[in-house]
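> what's the 3D shape of this:
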Amino acid sequence: MISPMTSRTVRTMCPMNCHPTFCGMLVEVSAEGRVLTVTGDPENPDSRGFLCIRGRAAVEIPHNGRRLTQPLVRDGRRGEDRWRTVSWGEALDRIVYAIEATNRERVGFWFGHGAHVTGINRPLIMRFGHLGGMQVWNPAIVCWAMGAYGLGITGVIEANTKEDMATHSRLVLLWGANLASQPTTAPHLIEARRRGARVVLIDVRRTEAARHADETWLIHPGTDAALALGMAHVIEWAEAETGLPAADIRRLAREYAGRRPAMIVVGGASMYKHRRGWEPGRAIATLPALTGQLGIAGGGLGPRHRSFPTGDHLADLSAANRRPAGAWVPSHMGSIARLIKDGGLDVLLTAGTDMLNSFADTAAIERDLERVGLIVAYDVFANDTIRRVADLVLPGTVWLEDLGIKETATHLYLMERALDPLGETRPLISVLRELAARLCIEDFFPWPSLEAYMDALLEPQRDGTLTLGTLRELGGIAERSRLDHVPYREGRFATPSGKVEFHSERAAALGLPVLPGYTRPVRDDAHLPLEFRQGRVLTAFHSFYDNGRALPTLERAEPHAELWIHPEDALPRGISAGGRVEVWNERGRFEAVARVTEDILPGVVWARDGWPGLNTLTSGEACLTPEASDGLDPRIPGGQSAYDARVEVRALSA
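Sure thing, here's the model as predicted:
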């Protein structure tokens, strides 16, 4: 009698890379090698069995008919989206030939979250660029780095954990933190409320986090620093800037100072995406210092996107100190755009990113990319950058087809391989290893195996005793060594003085004000009366998986772009709920469906980031100089360009 074929369950992590939310995942795989189900891992101490809609949609990634499964070369002109298949040998030959035909300083490597969903690729991408003498940039400049830059000036960059919030906080300020970026924080917020903690939400729109808040405050975009300084000084001028009554500002300031311990959970990216995006973080970081909330349980700054946790990290194997001297363009979006515009790049390598949706002023970027001789994209699904400007496409593996390690603020997790690579897909590390060998990049991968490389990453943990083998023996879950849920207990901060710095000579040396400040947004453009902002929702995060559109569950949940607009702005423009609208300015046009709602202030419109054409509206104006961007902390580049815009909106016919 033939035994029936059985399935097996593999422990891994969600591939959506929603840091600090890395959720545990159990994957059921059939004997034929197909994913049957994905469910939350109840034994994961961070997510406790939770998976949001993004994680549940991951079941649609591995066997998706839209996956790239063979190397492709463009068959025709850029923009025509016509392709023919080639072998891996021919694809790599084309890359090597193009790189060897130019100076290495004219080769650039730009990557995104989709390139390191297994958690172990990023050091080797940077190592490839550093040892290869190429331009290689930190993608944090399109995400979390601008907010952290402001925090870093003051010196408060480490965060208390969500577990500490649940156990100790009596007041939680969700300041631009909408929980779409960190849904696993919500259960800990609920636990804090059950203990009697009070929760206040501060944002430019009433987000899904409002259901967990006792009070929600909507403020004018770009005025977070004004509110923070208004609280710090309890002065009334902040009323006119933020749109909040002075009495409320005084009340919040006194409640924050008097209801100890109080924690501020600042947003990870969206609240900083404007011309002075570093100002809010710097101003907000002064508040826990003023009130003695740093270094205490339940206080400080709470979990946020890419906060620096306490305890030991993975080893830095990026070889940044071995980069040869050269004309390196910093991780500064304006400088990268200028390099492209000036014809300074002959080869552009991209991995796991959609540059035409993630950069600011993307119409100019797309136009200027015509000056780049060869554009290569490594990815899982096609996206707008691939369809419109890439010349060569390399098909990538998904998270279940490779090993990985992910680290949260408190734990490290093993991601076991569960599937064979589909078609001719290859892991990025193996592609980089072959390119390094062909280009004679010495010492790129000195480890005898992928497992040995992972052991090298783990080496700082537990004084070198945590290896891949021991991590497996622990069931794939290990607490970060020397973890402390409360940073700054000893009062030592990340500044030259070791103290929290309100007055910062380091800021002055970078050309910034010596004290925290606030710059009023320009609002006097009569023909463009609306302030445009963008952010995140639960159906999308970063630009990979074709901005979520490659996965049917996410596409059904969000079939079209939505523009939030207040009834006072919709009515005189003849805009009705559910009607088609066009958002426009002198740079670009973007179509959406109107969401007419009082959950946003008059004079403000908002859309989820990542939609094609959205960033044709944004200016691309640099927030900081290249020198200031690079001069604060090597982990935190301030190279973001502005993602805000003045716009007008008009109704379109049905």
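
> use CA for all of it now, contacts and neighbours both
Fine.

> quick one: the one helix or strand residue 281 maps to to chain centroid distance?
Assigned by DSSP states H and E, residue 281 belongs to helix 278-284. Taking the mean of its C-alpha atoms, helix 278-284 sits 18 Å from the chain's own mean (CA atoms, centre = their mean, to the nearest Å).

> same question, stretch 364-380
On CA atoms, centre = their mean, the centre of stretch 364-380 falls 21 Å from that of its chain.

> buried set for it?
364-366, 368-369, 371-372, 374-380 (16 or more other CA atoms under 10 Å).

> just stretch 250-265 next, same as before
Result for stretch 250-265 [16+ other CA under 10 Å]: buried residues 250, 252-253, 256-257, 260-265.

> Show me the residue at the heart of the protein, geometrically.
Centroid-nearest residue in the chain: residue 143, 4.2 Å away (criterion: CA atoms, centre = their mean).

> Now that one. Nearest residue, chain neighbours left out?
Spatial nearest neighbour of residue 143, chain neighbours left out: residue 269 (5.3 Å); criterion: CA to CA, 6 or more residues apart in numbering.

> isn't the one you found right up against residue 140?
No. Judged on CA atoms under 8 Å, residue 269 makes no contact with residue 140 at a distance of 9.6 Å.

> Please identify which of those two sits among more neighbours.
Neighbour count, other CA atoms under 10 Å: between residue 269 and residue 140, residue 269 has more, with 25 against 22.

> I'd like the distance between that one and residue 144.
5 Å (CA to CA, to the nearest Å).

> Next, show the common contact partners of the two.
residue 305 (CA atoms under 8 Å, 6 or more residues apart in numbering).

> picking that back up, roughly how far apart are the residue nearest to residue 143 and residue 292?
Residue 269 is 26 Å from residue 292, by CA to CA.

> and if you look at residue 470?
With distances taken as CA to CA, residue 470 is found 41 Å from residue 292.

> just to revisit the earlier point, any chance of the backbone angles for the residue nearest to residue 143?
phi -150, psi -50 (degrees, to the nearest 10).

> Okay, now the unreliable bits of the stretch 201-350 of the chain?
234-235, 237-238 (pLDDT under 70).

> Could you rerun that using 50?
Where the stretch 201-350 of the chain drops to pLDDT under 50, the residues are 235.

> For it, which segments are assigned as strands?
Secondary structure of the stretch 201-350 of the chain (DSSP state E, counting those that start in this stretch): strands at 215-218, 262-266, 347-351.

> is it true that residue 242 touches residue 228?
No. Here residue 242 lies out of contact with residue 228, judged by CA under 8 Å, at a distance of 10.3 Å.

> Between these two, tell me which one has more neighbours.
Comparing residue 242 with residue 228 by neighbour count (other CA under 10 Å), the higher total belongs to residue 228, at 26 against 23.

> how far away is the more buried one from residue 282?
9 Å.

> ok, now residue 316?
For residue 316, the distance to residue 282 (CA to CA) stands at 27 Å.

> Who has more neighbours out of the two?
Ranked by neighbour count (other CA under 10 Å), residue 316 and residue 282 place residue 282 first, with 28 against 13.

> Report the contact partners of the residue nearest to the more buried one when sequence neighbours are not counted.
Nearest residue to residue 282 in three dimensions, chain neighbours excluded: residue 150, at 4.1 Å (CA to CA, 6+ apart). By CA under 8 Å, 6+ apart, the residues touching residue 150 are 277-283.

> One more pass at 7 Å, please.
If you count contacts by CA atoms under 7 Å, 6 or more residues apart in numbering, residue 150 has them with 278-282.

> Please, which helix or strand holds it?
helix 145-154.

> Enumerate the positions of that helix that are buried.
Neighbour-count burial for helix 145-154 [16+ other CA under 10 Å]: 145-154.

> If residue 21 is in a bridge, with which residues?
Beta bridges link residue 21 to residue 18, judged by DSSP bridges.

> Let me see the contact set for it.
Contacts of residue 21 (CA under 7 Å, 6+ apart): 182-184.

> Remind me which helix or strand residue 533 belongs to.
Using DSSP H and E, the element containing residue 533 is strand 530-535.

> to the chain's geometric centre, what's the distance from that strand?
With CA atoms, centre = their mean, you get 18 Å for strand 530-535.

> Please apply the same query to stretch 539-551.
13 Å.

> That stretch spans what distance, first to last residue?
10 Å.

> just to revisit the earlier point, mind listing residues that contact the helix or strand just after the helix holding residue 150?
Next along the chain after helix 145-154, taking DSSP H and E as the criterion, comes helix 162-168. Residues outside helix 162-168 that contact it (CA under 7 Å, 6+ apart): 185, 188-189, 191-192, 297-298, 302-303, 485.

> for stretch 562-572, same thing?
Outside stretch 562-572, the residues touching it (CA under 7 Å, 6+ apart) are 576, 592-598, 600-607.

> go with 8 Å
Here stretch 562-572 has contacts from 576, 592-608, using CA under 8 Å, 6+ apart.

> That stretch - what's its average pLDDT?
Stretch 562-572 shows a mean pLDDT of 98.

> what about it, distance to the chain center?
That offset, for stretch 562-572, works out to 29 Å (CA atoms, centre = their mean).
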